[in-house]
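In: Just need the structure, nothing else, for what follows:
(one chain, ligands or ions: 1)
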Amino acid sequence: DFIQMFVRRLRGEDQEEEMVIDYATKDVNNMTVKMPWQCFINGKFEDAENGKTANTINPADGSVSCNGTCLYNCQWTLEPTSISLVVLLSLPTRLADLMEEHQEELATIESIDSGAVYTLALKTHVGMSIQTFRYFAGWCDKIQGKTIPINQARPNRNLTFTKKEPLGVCAIVIPWNYPLMMLAWKSAACLAAGNTLVLKPAQVTPLSALKFAELTVMAGIPKGVINIVPGSGGMVGQRMSDHPDIRKLGFTGSTPIGKQIMKSCALSNLKKVSLELGGKSPLIIFSDCDMDKAVRMGMSSVFFNKGENCIAAGRLFVEESIHDEYIRRVVSILNPPTTAPLSITMHSYQSSYSRITCVKIKSSCFSRIHIQYLADVIAGPTLFTDVEDHMFIAKEESFGPIMVVSRFKDGDIDGVLNRANDTEFGLASGVFTRDINKAMYVSERLDAGTVFVNTYNKTDVASPFGGFKQSGFGKDLGEDALNEYLRTKAVTVEY
Ligand code: TAP
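Out: I've put the predicted structure just below:
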């Protein structure tokens, strides 16, 4: 059986299969990166059934990052060979070790594929992915049920106990902004819970997922446990939602596609769903804040990862008495630019640009707009001030380096809370104040899955992450994430 096969492989006794990988190579970042480009199914890299391929493009400069990754079409069979990694404790740890050994290569691939700056790719995209596998590796032997006293059927006695079981084959669909990290957040919990998985990376950023697939083979993860199928959402992603053998779909992406997935999952076989969707996260800055920190973190809350960040602060509310000083400080950092201009990716270029155009058409009533030339809007960070609640940019996610600031009356805590919560999104939120009572009052009332107090973007592998309202439901990370990939069985015994 596979456990013995795994043990043989660990001892180096399993010679029967040697992995054949047709790499695309590229000299970049003072190294030669070796990139698998075919679909990874049942332990093998293979061409798509229909032979379809597509080039992947480096969005930072428009160059081809890989000539032709395979695009899987809609047919495949899935073996629901659910395994329990409880007995294979060393595997996720071994995988994390291998990712660490290959971190420079992974970060380089991530960087040329997603346009992320290399240092950020190394520290955040790859670094947090490694931490995530380490964290969930620790959960493998700690997934437990309960013993529950129930009413006795006298003269007999009864006991109920619960077991947490894996779901079987799970599908994972992820976006392009943090390709490897989104893979890690969902796959690590899914595997630790003992499931097998088939993952579709975004069509535009498949390369780090395929490199990851190679590392899973080196780690000794049994064949078929992890499958990576690049391809379009409309075809491969839709097929996953519709697939009769898949029991769960974990999705990160936009709200409209999340709704479509939920509908298809319900109609096909009522598969379990978790949805991490868009956001328009409010950040409230009170006049009693640490101003230096509020400026520094307010800026990174918006501009981190070029604004291509689902929890990016979509709207800043600044208290009247410090508003002008706050804006003056932000502008002094932005203009003239003291740092290199942000390299905006093609994806965000398109989304932000189209939104900026919309803003221009729909909102004619800005009292002050800090836009210079359209070229600046596309190339670098942008600041809008005195944004009113009805405006398009006050409501819609930008997913680009655009800071949207509104002022609120001094002391009007409930008023600003109403405005901050007046959105259908509920992913994250933040508050800056030195008053602990105010911080607690505000954090209790903010209607969002995450509240940052005197910090921002402080995600951690141990802390559950996910939204409310139309930002979706279900959690990544932390213990809560395991429950997304488990089911509870109650066993009742009479004795
Ligand atoms: P989407 O357009 O929703 O795409 C996300 C993924 O869904 C892609 O892999 C896409 O495939 C796939 N997809 C498209 N149509 C599908 C269908 N009918 N069935 C199944 N899958 C389908 O999002 P995006 O524009 O790439 O990413 C940006 C959005 O993601 C933003 O709204 C952002 O806030 C959100 N986001 C949220 C989070 C969290 S944690 N809440 C994190 C990151 C991003 P393709 O390869 O064809 O695009």
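
In: how about the residues of the stretch 351-495 of the chain near the ligand?
Out: Contact residues (Cβ under 6 Å from any ligand atom) of the stretch 351-495 of the chain with the ligand: 397, 399, 427, 467. (Glycine included, C-beta is placed from N, CA and C.)

In: My read is that the first one contacts residue 278, right?
Out: This points to residue 397. Yes. Between residue 397 and residue 278 there is a contact under Cβ atoms under 8 Å: 4.8 Å.

In: Show me the common contact partners of the two, please.
Out: With contacts taken as Cβ atoms under 8 Å, 6 or more residues apart in numbering, residue 397 and residue 278 have residue 425 as neighbours in common.

In: follow-up on the earlier one: now which of the residues of the stretch 351-495 of the chain next to the ligand would you call buried?
Out: Neighbour counting with 16 or more other Cβ atoms under 10 Å marks 397, 399, 427, 467 as buried within those.

In: how about those residues in TSV, adding pLDDT?
Out: TSV is the format used below for those (pLDDT from 0 to 100):
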residue	pLDDT
397	90
399	84
427	98
467	98
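
In: Just the closest of those residues to residue 476, please.
Out: Closest approach to residue 476 among those (Cβ to Cβ): residue 467, at 10.5 Å.

In: Doesn't that closest one belong to a helix?
Out: No. Counting by DSSP: H, G, I helix; E, B strand; the rest coil, residue 467 falls outside a helix, being coil.

In: Setting aside sequence neighbours, what's the nearest residue to it?
Out: Among residues not flanking residue 467 along the chain, residue 427 sits closest, at 3.9 Å (Cβ to Cβ, 6 or more residues apart in numbering).

In: now residue 241
Out: residue 264 (3.6 Å).

In: Quick check: that neighbour is in a strand.
Out: No. Residue 264 is assigned helix when assessed by three-state DSSP, not a strand.

In: how close does it get to residue 238?
Out: Counting by Cβ to Cβ, to the nearest Å, the separation of residue 264 from residue 238 is 7 Å.

In: repeat for residue 141
Out: Separation of residue 141 from residue 238 (Cβ to Cβ): 37 Å.

In: Between those two, which has more neighbouring residues?
Out: More crowded of residue 141 and residue 238, by other Cβ atoms under 10 Å: residue 238, with 17 against 13.

In: burial measure for whatever residue of the stretch 301-450 of the chain ends up closest to the ligand, as a count.
Out: Nearest to the ligand in the stretch 301-450 of the chain, going by Cβ to the nearest ligand atom, is residue 310, at a distance of 3.0 Å. Neighbour count of residue 310, defined by other Cβ under 10 Å: 26.

In: Off-centre distance for stretch 225-232?
Out: Here stretch 225-232 is found 17 Å from its chain centre; the criterion is Cα atoms, centre = their mean, to the nearest Å.

In: Next, the distance between the ends of it.
Out: The first and final residues of stretch 225-232 sit 22 Å from each other (Cα to Cα, to the nearest Å).

In: what about the strands in the stretch 151-300 of the chain?
Out: Along the stretch 151-300 of the chain, counting by DSSP state E, counting those that start in this stretch, strands occupy 158-166, 169-173, 196-200, 226-228, 248-252, 272-276, 281-285.

In: what does the fifth one rub up against?
Out: Taking contacts as Cβ under 8 Å, 6+ apart, the residues outside strand 248-252 that touch it are 167-168, 170-175, 182, 185-186, 190, 195, 240-241, 257-258, 261, 265, 271-277, 310, 474, 476, 484-485.

In: rewinding a little: okay, and the common contacts of residue 264 and residue 238?
Out: In contact with both residue 264 and residue 238: no residue, using Cβ under 8 Å, 6+ apart.

In: which parts of this protein sit against the ligand?
Out: Proximity of the chain to the ligand (Cβ under 6 Å from any ligand atom) is limited to residues 173-177, 200, 202-203, 232-234, 237-238, 241, 252-254, 257, 260-261, 276-279, 310, 397, 399, 427, 467.

In: Start and end of stretch 473-486, how far apart?
Out: Length of stretch 473-486, first residue to last, Cα to Cα: 16 Å.

In: quick one: average confidence on that stretch?
Out: Regarding stretch 473-486, the rounded mean pLDDT is 97.

In: before we move on, what about stretch 285-292?
Out: Mean predicted lDDT for stretch 285-292 stands at 98.

In: Kindly report the same for stretch 94-114.
Out: For stretch 94-114, mean pLDDT rounds to 94.

In: Any idea how far that stretch is from the middle of the chain?
Out: 17 Å.

In: From one end of that stretch to the other, what's the distance?
Out: OK, stretch 94-114 end separation, Cα to Cα: 26 Å.

In: Of all the residues in that stretch, which ones are buried?
Out: Buried residues in stretch 94-114 (16+ other Cβ under 10 Å): 94-100, 102-114.

In: follow-up on the earlier one: and the contacts of strand 248-252, which of them are buried?
Out: For the contacts of strand 248-252, buried by 16+ other Cβ under 10 Å: 167-168, 170-175, 182, 185-186, 190, 195, 240-241, 257-258, 261, 265, 271-277, 310, 474, 476, 484-485.

In: what stretches of the stretch 351-495 of the chain score poorly on pLDDT?
Out: In the predicted model, the stretch 351-495 of the chain carries pLDDT under 70 at residues 351-380.

In: Show the contacting residues for the residue nearest to the spatial centre of the chain.
Out: Taking Cα atoms, centre = their mean as the criterion, residue 182 is the residue nearest the geometric centre of the chain, at 3.8 Å. Contact analysis of residue 182 by Cβ under 8 Å, 6+ apart lists 174, 175, 252.

In: Pick the one among these closest to the ligand.
Out: residue 175 (3.4 Å).

In: burial count for the closest residue to that closest one other than its chain neighbours?
Out: Among residues not flanking residue 175 along the chain, residue 253 sits closest, at 4.7 Å (Cβ to Cβ, 6+ apart). For residue 253, the number of neighbouring residues by other Cβ under 10 Å comes to 23.

In: buried stuff in the host helix or strand of residue 440?
Out: Taking DSSP states H and E as the definition, one finds residue 440 inside helix 436-445. Using 16+ other Cβ under 10 Å as the burial criterion, the residues of helix 436-445 that qualify are 438, 439, 441, 442.

In: Next: stretch 209-225.
Out: In stretch 209-225, counting by 16+ other Cβ under 10 Å, buried: 209-217, 219-225.

In: What ranges in the stretch 201-350 of the chain fall below the confidence cut-off?
Out: 335-350.

In: so where do the helices sit in it?
Out: 207-218, 238-242, 255-269, 291-303, 320-334, 346-362 (DSSP state H, counting those that start in this stretch).

In: now could you export just the CA positions of the second one as PDB?
Out: Looking back up the chat, that one is helix 238-242. This file holds the C-alpha atoms of helix 238-242, laid out as PDB (Å, rounded to 0.1, in the frame of the first residue of the first chain):
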ATOM      1  CA  GLN A 238     -16.000  25.800 -14.000                       C
ATOM      2  CA  ARG A 239     -15.400  22.000 -14.500                       C
ATOM      3  CA  MET A 240     -14.200  21.800 -10.900                       C
ATOM      4  CA  SER A 241     -17.300  23.500  -9.600                       C
ATOM      5  CA  ASP A 242     -19.500  21.100 -11.600                       C
END
